[in-house]
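1. Structure for the following, please:
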Amino acid sequence: MPLMSAPFDCTAGVDNWVKGWSEKKMEWCCRNFSVGCKSYNCNDEYATWVTSWEVDKKEWCCVHDGRGCGEHAAPLHVAVSFPYDCDAGLANFVAGWSEPKKEWCCKNQEKGCMLTASTSRELETFDCNAGFFGWNVSWNGERQEWCCQHFSRGCPEESSTVSN
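-> This next block holds a predicted model:
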């Protein structure tokens, strides 16, 4: 049974993501696939960071490098506990996650979201884990193409590496 896809294709335009992707696509792809993530040089202009850094750079450097956390603040090292690990099993969330986990992860981390009829972009998607062993004989071309494009599974070059 076909499923609804993610709102963005994180493989399309990845070679030019900095200039070619919208902010929303960057945020979603970074959060869900660690692709298109902004990073900053936290050493650059550190002597004048309070006035020279933009808010985004301050936040990023505070979280990733312990710098730019506030004029008089110590580096931010906060342990956060979530009720669900939204990265665990993400590739098979439709079949593998409970409804409460899907709901929480979608609402709080924008992971594991199902598109609805009211969503502007609807695409058919497939479970790229189900039937992966022997995909080259059991998957149709559409499923192979989609899984290859979105999860690098079922790509033609894999068929030569699959042994029986």
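2. burial count for Phe133?
-> By the measure other C-beta atoms under 10 Å, the count of residues near Phe133 is 8. Where C-beta positions appear, they are placed from N, C-alpha and C, glycine not excepted.
3. what about it, distance to Val94?
-> Look at Phe133 and Val94: by C-beta to C-beta, to the nearest Å, they are 19 Å apart.
4. can you give me the strands in the protein?
-> With DSSP state E as the criterion, the chain has strands at 3-4, 124-125.
5. hey, least reliable of these by pLDDT?
-> Lowest mean pLDDT within those: strand 3-4, at a mean of 53.
6. By mean pLDDT, flag the weakest helix or strand of this structure.
-> Taking mean pLDDT, DSSP states H and E as the measure, the helix or strand of the chain with the lowest value is strand 3-4, at a mean of 53.
7. List the residues that contact the most centrally placed residue in the chain.
-> In the chain, the residue lying closest to the centroid (C-alpha atoms, centre = their mean) is Asn32, at 1.6 Å. Asn32 makes contacts with 6, 10, 90, 110-111, as judged by C-beta atoms under 8 Å, 6 or more residues apart in numbering.
8. Tell me how many other residues crowd Gly96.
-> 15.
9. Nearest residue to it in space, please, no chain neighbours.
-> The shortest distance from Gly96 to any non-neighbouring residue, by C-beta to C-beta, 6 or more residues apart in numbering, is to Gly89 (4.5 Å).
10. Isn't the one you found up against Trp97?
-> Yes - counting by C-beta atoms under 8 Å, Gly89 touches Trp97, with 6.2 Å between them.
11. so what sits against both of those two?
-> Going by C-beta under 8 Å, 6+ apart, no residue sits against Gly89 while also sitting against Trp97.
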